[in-house]
Every structure is written in structure tokens, then in C-alpha cells.
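Enquirer: Quick one, structure for this:
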Amino acid sequence: MTLLQLVWRGARFLESPARRFLTLEPDNLLAAGRRRAGERDFEDRSFLNGLSRLLHALETEARLNLLGRIAARASVVGYLANRLWLEQDRQRYPEIAAEEINGPIVITGLPRSGSTLLHGLLAQDPANRVPRTWEMLTPSPPPERDTYESDPRIAITERQLRWFDRLAPDFKKIHAMGARLPEECVPILSHSFLSSQFCSMYVVPSYQTWVRSQSLLPAYQLHRRFLQHLQWRCRGTRWILKAPAHLQALRELCAVYPDVRVIMAHREPLEVLPSEASLHTVLRQTFSDAVDAATVGREVTELTADEIAAGLQARDDGCAPPERFFDVRYRDLVADPLGTVRSIYERFAIPLTTIAAARMRRYVAGTPKDKHGAHVYSLDQFGLNLDEERERYREYRERFLLN
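Expert: Numbers count the residues shown, from 1 in each chain. Below you'll find the predicted structure:
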């Protein structure tokens with residue numbers, strides 16, 4: 001038996017009494033966030049309803065093990081403290097509020113459709129600014145250009161990620177992790193407590209239903225403030241952002257960023273569904289001992305279908321002009337990554353420099369598929385019927401020539 005297994009068994013033995021000390025009661029976590037941030041109080045309290053609903057779902061539905069309770073409490077307190085630090089920095093440096101976010105490029109669409117590869121490719125262009133994991137998790141004080149690659153928060157984040165890798169070693173087969181890697185926007189949105197991140201990590205159906213019924217405008221207003229903060233002393237020519245979660249919120253995204261340009265990634269849904277269900281299962285099994293694969297599969301396909309419908313409806317309704325959308329098929333991206341980038345740059349009238357193209361070619365050569373082992377999954381594994389799922393996504397597959 002390994003040391004980790006021994007620690008885990010001991011934690012299980014202590015789990016019941018630990019609940020008394022690892023409370024998920026809202027006032028307790030708010031107080032913990034205030035203590036960490038220097039006893040400040042919140043100016044913007046619009047997040048309180050979402051926080052309360054999330055914590056109630058975690059307590060009553062998620063069936064958290066000890067590790068899950070520790071992780072949930074730590075992440076929530078971290079987000080609360082970050083909110084306070086961001087407010088403090090904005091008061092101390094009022095010029096942050098004057099930062100303009102011009103013409104961001106946002107990658108969205110189906111999950112597991114090559115968006116991480118594309119995000120990493122575009123990050124190789126020195127003119128592009130991407131949010132990296134370390135600055136999303138520890139945004140205060142605002143990052144500085146001179147110390148951006150040597151900031152001590154990078155090493156702290158790497159240690160945290162190594163611990164997570166020990167606890168969920170299969171996760172890196174699904175999604176690469178690294179303090180310096182470009183990361184999707186979900187951790188930013190999670191600071192609003194209107195975020196799909198919690199639904200991926202934990203079994204919180206009531207919270208997920210509530211989020212899907214809400215306007216996500218407050219989350220995107222916070223998202224803009226977060227980017228202003230990150231770019232104040234470390235800006236690029238343009239932001240390159242990424243998250244499948246943006247698909248369900250295209251109206252809010254376009255309202256907050258009126259000149260946004262959207263890359264929509266597409267892949268055969270019958271390949272996407274089990275891959276995404278596998279990701280949710282690996283995460284949830286880390287934090288709970290009661291995860292049902294068929295339940296996850298049903299939840300993932302229903303959510304994916306709803307997100308596609310919402311995103312395409314917003315697009316067809318003109319949330320942004322048609323020329324500011326660009327569609328990328330997974331098979332085309334994998335077959336010709338640099339050609340796909342050239343097409344994107346042409347569409348948005350961006351010059352692709354020789355330096356950027358060379359860096360992108362090196363990135364492709366150094367990022368082989370299945371670098372950390374093959375990610376194996378199937379529809380049957382998650383109780384999904386091939387014919388039913390094919391029919392569910394028939395219109396989408398026909399529209400984007402995916403079948």
C-alpha cells in the first residue's frame with residue numbers, strides 16, 4: 001500500500017468529524033475570505049446568491065469525500081479573497097478601470113474539439129496575450145511585464161498542480177496542466193459564482209439548473225474587469241481567450257465586448273460526448289465516492305445540446321455581425337494546424353509574421369497527441385445510445401458538415 005493510500009484511508013476514517021471543522025456555511029467562508037484578504041469587506045455583493053446556492057448544493061447533493069470538502073472550501077475561499085484583492089487593487093490603482101479591451105478573439109464551441117490546441121497555437125504569436133493558469137488563480141498584484149516569466153506565483157501554482165496530478169493522475173491525459181500554459185476563461189468566470197466549472201467538478205444539479213436559468217451578464221462584467229487587471233502592466237496587441245462555456249453566453253459575451261471576434265470549434269458530437277463525460281467523471285471521482293457514469297453521460301449530452309442551441313440561436317439572431325465569426329472543424333485543425341491559423345488571420349485581417357509562424361510550427365512539433373497517454377472512452381461507457389445521440393445532434397451535424 002502506498003503512502004498516499006494510507007493517508008487516504010486515514011482521511012476516510014476521520015471524514016465524519018472533519019465535517020464539523022470544514023464547514024461549507026456561507027458566512028464562515030465569507031469570513032475566511034475576508035481574513036485572507038486583510039479583513040476587507042466586499043463592495044460588490046452581487047455574487048452572494050450564487051455562492052449560497054453553490055454551497056447548499058455542495059452540502060446536500062455532492063456527497064463530498066474529505067478531499068472534496070477540503071478542495072471545495074479552499075477554492076471558494078480563494079475566489080472570495082481574489083475578489084477582495086481585485087477590488088483593493090482597483091481602488092489603489094484607479095487607472096486599471098481605464099484599460100480598454102479591444103477586439104478580443106474568443107475560441108468557443110463544443111468541448112474536446114481542438115480548442116486547447118488552437119489556443120496554444122495562437123499563444124505562440126508574440127502579439128497575442130493569453131491568460132495563463134498562474135495569473136488566473138493568483139491575479140493580485142497585477143502581473144508585470146518585466147517579471148512575467150519569473151513571478152514567484154508560477155512556482156506556487158506548479159506545486160499545487162503537482163498535488164492535483166497525484167490525486168487525479170488520469171486528468172492530464174484529458175487536459176494538459178501547467179502554471180505557464182494558456183488556460184480557458186472558466187476560472188475567471190468562477191469568481192462570479194455563475195460558472196460551469198463547479199458543475200464539472202462536483203455533482204450539484206440544483207446549482208447547475210439555477211445557473212442555466214440566469215443571465216450571465218454579471219459574470220462577463222467581472223470577466224472584463226479581470227482582463228483589465230491582468231493587462232494593466234502586461235498587455236499585448238489583442239487577447240486570445242478560450243472556453244466552450246462561452247457558447248451558452250454569446251449574447252452576454254457580445255454585450256460586454258461589442259467588437260469581439262469568435263472562433264467556433266466543431267467536432268462530431270458522437271466523439272465529443274464520451275470524451276467530455278470522461279473528463280467530468282475523472283474530476284468528480286476525485287472529490288466524491290458516489291459518481292454514476294450513466295448519470296454523467298445523460299447530464300453531459302443534455303447540457304451540450306442546450307449549449308449548441310443557445311449559441312447558434314444567439315449567432316443567428318445577430319449578437320455579432322456574421323463576418324466576426326469563423327468556424328473551425330476539428331478534423332481540419334488536426335490535419336493542418338498552421339493552415340487553419342492562416343485562415344483565421346486572413347478572416348480577421350491580422351498579419352501572420354514569420355516569427356509567429358515559426359514558433360507555431362515548433363509548438364506543433366513539440367505537442368504530440370496523447371503525450372501523457374491515450375484517453376480511452378466510449379458512448380456505451382456512459383449509457384449513451386448511438387442512434388439516439390445521432391438524432392439529437394442531426395441538425396447541428398448537417399449544418400457544419402460533421403457527418
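Enquirer: tell me the contacts of the residue nearest to residue 287 when sequence neighbours are not counted?
Expert: Using CB to CB, 6 or more residues apart in numbering and skipping residues adjacent in sequence, the residue nearest residue 287 is residue 68, 3.0 Å away. C-beta coordinates here come from the backbone N, C-alpha and C atoms, glycine included. Residues in contact with residue 68 (CB atoms under 8 Å, 6 or more residues apart in numbering) are 62, 202, 286, 287, 288.
Enquirer: Who wins on neighbours among those residues?
Expert: Greatest neighbour count in the contacts of residue 68, by other CB atoms under 10 Å, goes to residue 202: 26 neighbours.
Enquirer: Ramachandran angles for that one?
Expert: phi -130, psi 160 (degrees, to the nearest 10).
Enquirer: pLDDT wise, what is it at?
Expert: pLDDT recorded at residue 202 is 96.
Enquirer: pretty sure it is in contact with residue 63, am I right?
Expert: No. Residue 202 lies out of contact with residue 63 (CB atoms under 8 Å); the separation is 9.2 Å.
Enquirer: Return every residue with contacts to both of those two.
Expert: Common neighbours of residue 202 and residue 63 (criterion: CB under 8 Å, 6+ apart): residue 288.
Enquirer: Just give me the neighbour total for residue 150.
Expert: 8.
Enquirer: ok so, going back, residue 83: which of the contacts of residue 68 is nearest?
Expert: For those, the closest approach to residue 83 (CB to CB) belongs to residue 202, at 20.3 Å.
Enquirer: quick one: that closest one and residue 66, what's the gap?
Expert: 14 Å (CB to CB, to the nearest Å).
Enquirer: Residue 220 now?
Expert: Going from residue 220 to residue 66 by CB to CB gives 35 Å.
Enquirer: cool, and residue 34?
Expert: From residue 34 to residue 66 the distance is 25 Å (CB to CB).
Enquirer: what do you get for residue 293?
Expert: Going from residue 293 to residue 66 by CB to CB gives 23 Å.
Enquirer: which residue packs closest to the spatially most central residue of the chain, ignoring adjacent ones?
Expert: Residue closest to the mean C-alpha point of the chain, counted by CA atoms, centre = their mean, is residue 186 at 3.0 Å. Spatial nearest neighbour of residue 186, excluding adjacent residues (CB to CB, 6+ apart): residue 197 at 4.5 Å.
Enquirer: Double-check that neighbour against residue 188; I have them as touching.
Expert: No. Between residue 197 and residue 188 there is no contact under CB under 8 Å: 9.9 Å.
Enquirer: Look at those two and report which has more neighbours.
Expert: More crowded of residue 197 and residue 188, by other CB under 10 Å: residue 188, with 26 against 19.
Enquirer: Is that one within a helix or a strand, and which one?
Expert: helix 186-190 (DSSP states H and E).
Enquirer: and after that helix, which helix or strand comes next?
Expert: Downstream of helix 186-190 (by DSSP H and E), the next one is helix 197-201.
Enquirer: Keeping just the C-alphas, turn that following helix into PDB.
Expert: Extracted C-alpha coordinates of helix 197-201, given in PDB (Å, rounded to 0.1, in the frame of the first residue of the first chain):
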ATOM      1  CA  GLN A 197     -16.600  24.800 -13.500                       C
ATOM      2  CA  PHE A 198     -18.300  23.800 -10.300                       C
ATOM      3  CA  CYS A 199     -20.700  21.600 -12.300                       C
ATOM      4  CA  SER A 200     -17.800  19.800 -13.900                       C
ATOM      5  CA  MET A 201     -16.000  19.100 -10.600                       C
END
